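[1] 3D model of this:
(one chain, ligands or ions: 1)
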Amino acid sequence: MTSETPSFSLIDPNNQELDVPEFPARNGPQRLVAAATKQPRNREKVRLEPGHSPLDWAKLVSSGKDLRGVPCFGRYTLEEIRKHKSPEDAWTAIQGKVYNITPYLKFHPGGVKDLMRIAGRDGTKLFMMTHSWVNMDYLMDKCLVGFLAPSN
Ligand code: HEM
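    I've put the predicted structure just below:
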C-alpha cells in the first residue's frame with residue numbers, strides 16, 4: 001500500500017467483521033456505511049415527493065413557520081424523548097441537542113424510514129456512522145427543542 005492509498009484501518013483494523021472488499025474497490029466507503037448501519041449495499045436512491053427538495057427545506061426553514069412545536073427550549077431526559085417516537089411527533093437527540101424531526105421527515109434525502117430509526121432515542125451514533133459531514137446546526141436549527149439532560 002503506497003502512502004497515497006486511502007485506508008479504512010481507523011474504522012476496522014482487521015477489515016474482517018464488516019466484510020469489506022479489497023481496497024481500492026468500487027463503492028468501498030458506501031459498503032462500509034451500509035454494513036455499519038445495516039442497510040442493503042445496493043440501496044436505491046430515495047425519491048422525495050415533489051416540493052420536498054433540499055431547496056424546499058431551506059425555504060421552509062427561513063419562512064418563519066414554527067417547526068419546533070414547543071414554546072421554549074427545555075432540558076429533556078431520554079425517558080422524555082422516548083415518548084416522541086411516532087412520525088407525527090418524532091424527537092431525537094444528536095450530540096446533546098434535542099430535535100423535533102417530524103417536519104424534516106419527508107425532506108430527508110435518505111427517506112422517512114431511515115430517519116424514523118432515530119425517533120424517540122439518541123441518534124448520535126447512527127447519524128455519525130451514516131453522514132458525519134451533515135451540519136445539524138445549519139440544517140436543523142429551527143427544529144431544535146432543547147438539550148439532553150442526564151437520566152436519573
Ligand atoms: C436528524 C437526523 C438526520 C439528518 C438531518 C439527515 C440529513 C441528511 C442529509 C442532508 C443527507 C444528504 C447528504 C449528502 O448528500 O451528502 C442525508 C442523506 C442520507 N441519510 Fe440522513 N439525516 C439524518 C439521519 C439519518 C439516519 C438516522 C440515517 C440512517 C439510519 C440516515 C440515512 C441517510 C442515507 C442512507 C442518506 C443517503 C441518501 C442518498 O444519497 O441516497 N440519515 N441525510
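
[2] may I have the phi/psi pair for S132?
    Here is the backbone geometry of S132 (degrees, to the nearest 10): phi -60, psi -20.

[3] pLDDT on stretch 86-100, on average?
    Confidence for stretch 86-100, expressed as mean pLDDT, is 98.

[4] which residue, other than its chain neighbours, is closest to the residue of the chain found nearest the ligand?
    Across the chain, the shortest distance to the ligand (Cβ to the nearest ligand atom) belongs to G110, at 2.4 Å. All C-beta atoms are positioned from the backbone trio N, CA, C, and that covers glycine. Leaving out its chain neighbours, the residue that sits closest to G110 by Cβ to Cβ, 6 or more residues apart in numbering is V46, at 6.2 Å.

[5] so how far is L60 from the one you found?
    From V46 across to L60, the span is 18 Å (Cβ to Cβ, to the nearest Å).

[6] neighbour count: the two, which is higher?
    L60 (17 against 12; other Cβ atoms under 10 Å).

[7] what's near enough to touch that one?
    For L60, the contact set (Cβ atoms under 8 Å, 6 or more residues apart in numbering) comprises L67, P103, F107.

[8] surely the last one meets H52?
    Okay, so that is F107. Yes - counting by Cβ atoms under 8 Å, F107 touches H52, with 4.9 Å between them.

[9] what about those two, which has more around it?
    Shown here are F107 and H52; by other Cβ under 10 Å, F107 has more neighbours (20 against 17).

[10] tally of neighbours for the residue nearest to that one when sequence neighbours are not counted?
    If the residues on either side of it in the chain are set aside, F107 comes closest to W57, at 4.3 Å by Cβ to Cβ, 6+ apart. W57 has 20 neighbours, counted by other Cβ under 10 Å.

[11] how far away is W57 from E49?
    Counting by Cβ to Cβ - W57 and E49 are separated by 12 Å.

[12] what residue is smack in the middle of this protein?
    F127 (3.7 Å; Cα atoms, centre = their mean).

[13] wait, what's in contact with it?
    Applying Cβ under 8 Å, 6+ apart, we find F127 in contact with I94, I118, V134, M136.

[14] ok, it to I118 distance?
    For F127, the distance to I118 equals 7 Å [Cβ to Cβ].

[15] shared neighbours of these two, anything?
    With Cβ under 8 Å, 6+ apart, F127 and I118 have common neighbours I94.

[16] a markdown table for the contacts of L60, including secondary structure, distance to G74 and pLDDT?
    Converted to a markdown table, the contacts of L60 look like this (DSSP: H, G, I helix; E, B strand; the rest coil; distance: Cβ to Cβ, whole Å; pLDDT from 0 to 100):
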| residue | secondary structure | distance to G74 | pLDDT |
| --- | --- | --- | --- |
| L67 | coil | 16 | 98 |
| P103 | helix | 18 | 98 |
| F107 | helix | 24 | 98 |
